[in-house]
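Peer 1: how would this look folded up:
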Amino acid sequence: MNLPNNPDTYTETMVFFYALDHIDLAVKFKPAYFSDQRLQRLFEILKPYILQYRETPSKEITMLLIEKSGYKTDLTSNIIDALWNIKAQMRGFTDEWLNDCTKSYAEWNSFVAGVTRLYSYLLTTQAEVTVDTAHAYIEKAKQLFLDSTTFNLGNESLGHDFFSAPEHTVSVIDMVSTGYKFMDDCMLGSGALSKKQLICLLGGPKTGKSMWMANVCANTVREGKKCAYISLEMSVELVNKRFAANMLSIPINQYAKYATDQNLMAQKLHELRCSTLNMGELIIEEFPTSSLTPIQLETWLLNVEQAKTAETGKPWKFDIVYVDYVNIMASGRPGGNSADSYTKIKQICEDLRGIAVKNEWCIFSATQTNRGGMESSDLNLTNVSESTGLIMTVDALFGIISTSLMKAEGVYYLKALALRNSNKTGDKKKFVMSGDYMRITEDTTEDVIPEGFGIPEKYASYDENAKQGGYAKRFTGGGGGQRPQQPALQQNSNEPRLSPPPQAPSLGVTEPKIQGFDLFNM
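Peer 2: Below you'll find the model as predicted:
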């Protein structure tokens, strides 16, 4: 057959034709995957034709393409006849076997290509590695290897045809509720929680960022989604304790009783599973503070997906990944961790959103306020601690407002600070916290406070308002959607300080009082 005396040549030729006959494989296959150099050259010649006309060329067209390419002396008509004879024999094999064979062949050869690329990278950079740059070069090498060895069949996009009506169909299946109407309404323009998004919470130290993420995570698990909760500051044991209180309705101070009684805990978990027909999955993991890069996170998540797929015997994929939190991650870019905090946070957020888009995950995280946002009764974009790069990257940013009095009463206000596709920026809503069950619920007795109006004045101290050069805008009652009685008074530094305006009378709106629970010092 004028083919190399190689026991794998026959199989390799069938893989060659199977890849050519399937456009999704032809796109992903590379000439270097083939050990036979003539198959390499022939694939390189035929691939553009297949991508353009979406069909495998005949033997006659192949000869014309070879002649046009200038490889006629190497790829003779005898070689082509021998190859097409093997193609004719493929009818004796099942499509399932050919597909599995082609996938295994591609995966192995992409792995070998990744090893070769990694080795070349190490040889060219070894002299440049120092104590300060070693970590960055290692992360770059890991990314090169991961990119070179990833081969997934059937996921390659060939673009989306604007003039095709189905392309304009909006899928509601992938839109996941946060469990909070206010958040869902704010993100309605971007599909609530959906794949390829980066959602972030902004809050000061000990304001409950982890608590908020755990509550949204618990809600989405109840919605049937596969979720990962990654903690960079709390142990798995503490995270489990909070989720158990929330989802199993175990009072936080009784968790030890259930945790030490496996039968009792198994019963509670079974009851939770039976409470809904579509309970999701929750995988929790902890990593040391400032050690996890977006690349390492992606690798870990993909490894879990692969293991779960093998365990269940069917495709298993995360829907939402909760990362607690951005500021205590590590940058995976060269010099990223020694750069200024603006650059570091910007890089981390860009890479997080990158892996969200690449793997079709929704990533939900949090970030720290600057000093001006601590103990404030209002938050704005100037309170983002390190980086406007974060603001430009996220699809939605919500601020957690929590003053000392609010903490004592178990009250939060959540403010929409930046929304990619919504006009509800600036709106605020009241939430209440049940400390016994680590559970945050939306207060339905108070309306949404629209942009330009402050939270009820009782939650903001006079000192804070005076420091900001004025007074909080006033309400005629407790309802958040009501208009202020008078505009905020602006203080000019050359004018005498004004006395606080008289207290507006209450209309008797009763706000729920929650027994205080010091979750902020656990």
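
Peer 1: Kindly state the domain boundaries assigned to this protein.
Peer 2: 9-149, 195-369+387-405 (automatic domain parsing).

Peer 1: The longest one spans what distance, first to last residue?
Peer 2: In terms of C-alpha to C-alpha, to the nearest Å, the two terminal residues of domain 195-369+387-405 are separated by 37 Å.

Peer 1: quick one: it to chain centroid distance?
Peer 2: Centroid separation between domain 195-369+387-405 and its chain, computed with C-alpha atoms, centre = their mean, to the nearest Å, is 9 Å.

Peer 1: thinking again about what came up before, got the domains of the chain as a markdown table, with distance to P450, mean pLDDT and mean neighbour count columns?
Peer 2: Heads up, the C-betas are built off the backbone N, CA and C, glycines and all. Formatted as a markdown table, the domains of the chain follow (distance: least, C-beta to C-beta, whole Å; pLDDT from 0 to 100; neighbours: other C-beta atoms under 10 Å):
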| stretch | distance to P450 | mean pLDDT | mean neighbour count |
| --- | --- | --- | --- |
| domain 9-149 | 44 | 83 | 15 |
| domain 195-369+387-405 | 15 | 90 | 19 |
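
Peer 1: out of the ones you listed, nearest to E446?
Peer 2: Distance to E446, taken as C-beta to C-beta, is lowest for domain 195-369+387-405 among the domains of the chain, at 13.5 Å.

Peer 1: all strands of this protein, in order?
Peer 2: Along the chain, the stretches classed as strands by DSSP state E are 197-203, 226-231, 281-286, 320-324, 362-368, 396-401, 411-419, 428-434, 439-442.

Peer 1: my guess is A259 contacts M265, does it?
Peer 2: Yes - at 6.3 Å, A259 counts as touching M265 under the criterion of C-beta atoms under 8 Å.

Peer 1: JSON lines please, covering the domains of the chain and showing distance to K458.
Peer 2: Converted to JSON lines, those look like this (distance: least, C-beta to C-beta, whole Å):
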{"stretch": "domain 9-149", "distance to K458": "49"}
{"stretch": "domain 195-369+387-405", "distance to K458": "7"}
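
Peer 1: Identify whichever of these lies nearest to N423.
Peer 2: domain 195-369+387-405 (13.0 Å).

Peer 1: rewinding a little: so which of the domains of the chain is nearest V411?
Peer 2: Closest approach to V411 among the domains of the chain (C-beta to C-beta): domain 195-369+387-405, 7.9 Å.

Peer 1: Need the per-residue pLDDT for P7.
Peer 2: Reading off the confidence values, P7 has pLDDT 43.

Peer 1: That should have said V509, apologies.
Peer 2: 32.

Peer 1: With R497 instead?
Peer 2: 37.

Peer 1: try the one 5 residues further on
Peer 2: Reading off the per-residue confidence, P502 sits at a pLDDT of 37.

Peer 1: Distance to D340 for the strands of the chain - can I get that in CSV?
Peer 2: As requested, these are exported to CSV (distance: least, C-beta to C-beta, whole Å):
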stretch, distance to D340
strand 197-203, 20
strand 226-231, 25
strand 281-286, 28
strand 320-324, 22
strand 362-368, 15
strand 396-401, 21
strand 411-419, 22
strand 428-434, 32
strand 439-442, 34
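
Peer 1: Of those, which is nearest V448?
Peer 2: Here strand 428-434 is closest among the strands of the chain (C-beta to C-beta), at 5.2 Å.

Peer 1: quick one: that closest one to strand 396-401, angle?
Peer 2: Relative orientation of strand 428-434 and strand 396-401, computed by axes from the mean of the first three to the mean of the last three C-alpha atoms, to 10 degrees: 60 degrees.

Peer 1: Can I get strand 428-434 in PDB, CA atoms only?
Peer 2: Taking Å, rounded to 0.1, in the frame of the first residue of the first chain, the C-alpha atoms of strand 428-434 are listed here in PDB:
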ATOM      1  CA  LYS A 428     -31.600  49.100  47.500                       C
ATOM      2  CA  LYS A 429     -33.600  46.500  49.400                       C
ATOM      3  CA  LYS A 430     -33.900  45.500  53.000                       C
ATOM      4  CA  PHE A 431     -33.000  41.900  54.200                       C
ATOM      5  CA  VAL A 432     -33.200  40.300  57.600                       C
ATOM      6  CA  MET A 433     -30.900  37.700  59.100                       C
ATOM      7  CA  SER A 434     -31.900  34.700  61.300                       C
END
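
Peer 1: roughly how far is it from the heart of the chain?
Peer 2: Distance of strand 428-434 from the chain centroid (C-alpha atoms, centre = their mean) equals 25 Å.

Peer 1: Correct me if wrong: Y412 contacts I440.
Peer 2: Yes - judged on C-beta under 8 Å, Y412 makes contact with I440 at a distance of 6.8 Å.

Peer 1: Pull up the overlap in contacts between the two.
Peer 2: Common neighbours of Y412 and I440, using C-beta atoms under 8 Å, 6 or more residues apart in numbering, are 208, 212, 431-433.

Peer 1: Give the single residue among those positioned nearest to K196.
Peer 2: Nearest to K196 out of the shared contacts of Y412 and I440 is W212 (C-beta to C-beta; 21.9 Å).

Peer 1: any idea how far that closest one is from T11?
Peer 2: Distance check for W212 against T11: by C-beta to C-beta, to the nearest Å, it reads 54 Å.

Peer 1: Much appreciated, bye for now.
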